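Chemist: please find the sequence and the predicted model below.
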Amino acid sequence: MIDADGFRPNVGIVLARHDGRVFWARRAGQDGWQFPQGGMNSDETPEEAMYRELAEETGLKPEHVDVLGATPGWLRYKLPRNMRRRHQKPVCIGQKQVWFLLDFRADDSALDLQATGHPEFDHYRWVDFWFPVFNVIPFKRRVYQRALEHLEPLVPAFRPEHRDPRLPLPAALRANHRGG
């Protein structure tokens with residue numbers, strides 16, 4: 001399903017732990033790392049697609065997460081020209097995504113990267129909130145930055161009323177992009 005502008009509807013998932021670190025996964029058989037994401041079926045809402053992709057790519061079920069928020073509209077990125085499939089009609093020039101922030105309510109034993117016969121990821125780790133912006137493939141950096149800027153205020157670990165004042169600030173709040 002490609003829209004009239006050539007963008008494929010898609011969802012992106014930022015899975016955050018209680019400490020503000022986020023799930024970062026390596027694409028199976030590749031060197032690239034990214035957040036879980038995937039295309040929407042024509043009969044799905046963004047939230048339905050998010051739960052389907054979450055299960056397919058991480059093995060997590062709705063009871064393992066709480067939805068903390070989503071971007072208010074589509075965030076778009078264009079694929080590099082050499083990655084566009086010109087033989088398909090209509091030609092897909094990129095993706096438009098609704099990004100979801102999920103609070104991970106389980107422990108790592110709930111994660112199953114082999115949940116389907118065709119795993120998307122072969123390894124994962126928990127990283128500082130802003131790490132993905134600087135380490136994702138370059139053509140996705142801007143959309144990652146925009147998604148995280150929107151979702152950051154919703155992360156409980158970063159909200160003053162949820163933080164233990166005896167603990168140091170999370171690295172995401174100390175990042176140099178935030179002035180300190």
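Modeler: Structure's in. What do you need?
Chemist: please, which helix or strand holds Arg146?
Modeler: helix 141-151 (DSSP states H and E).
Chemist: helices or strands up against that helix?
Modeler: strand 7-16, strand 75-78, strand 94-104, helix 131-135 (3 or more C-beta pairs under 8 Å, 6 or more residues apart in numbering; DSSP states H and E). To be clear about C-beta, it is placed using only N, CA and C from the backbone, and glycine gets the same treatment.
Chemist: residues of that helix that come out buried?
Modeler: Val143, Tyr144, Gln145, Arg146, Ala147, Leu148, His150, Leu151 (16 or more other C-beta atoms under 10 Å).
Chemist: my read: the first one touches Leu79, true?
Modeler: So that's Val143. No: using C-beta atoms under 8 Å, Val143 makes no contact with Leu79, being 11.6 Å away.
Chemist: strands of this structure, start to end?
Modeler: 7-16, 22-27, 33-34, 37-39, 65-70, 75-78, 94-104, 121-127 (DSSP state E).
Chemist: want to throw those strands into CSV with mean pLDDT?
Modeler: Below are those laid out as CSV (pLDDT from 0 to 100):
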stretch, mean pLDDT
strand 7-16, 96
strand 22-27, 98
strand 33-34, 97
strand 37-39, 95
strand 65-70, 97
strand 75-78, 93
strand 94-104, 96
strand 121-127, 97
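Chemist: same list (those) but as TSV, adding distance to Phe158.
Modeler: Formatted as TSV, the strands of the chain follow (distance: least, C-beta to C-beta, whole Å):
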stretch	distance to Phe158
strand 7-16	9
strand 22-27	12
strand 33-34	22
strand 37-39	22
strand 65-70	11
strand 75-78	20
strand 94-104	11
strand 121-127	15
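Chemist: export those to a markdown table and tack on mean neighbour count and distance to Gln114?
Modeler: Shown next, in a markdown table, are those (neighbours: other C-beta atoms under 10 Å; distance: least, C-beta to C-beta, whole Å):
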| stretch | mean neighbour count | distance to Gln114 |
| --- | --- | --- |
| strand 7-16 | 23 | 17 |
| strand 22-27 | 21 | 13 |
| strand 33-34 | 19 | 18 |
| strand 37-39 | 18 | 17 |
| strand 65-70 | 17 | 19 |
| strand 75-78 | 18 | 28 |
| strand 94-104 | 23 | 19 |
| strand 121-127 | 15 | 9 |
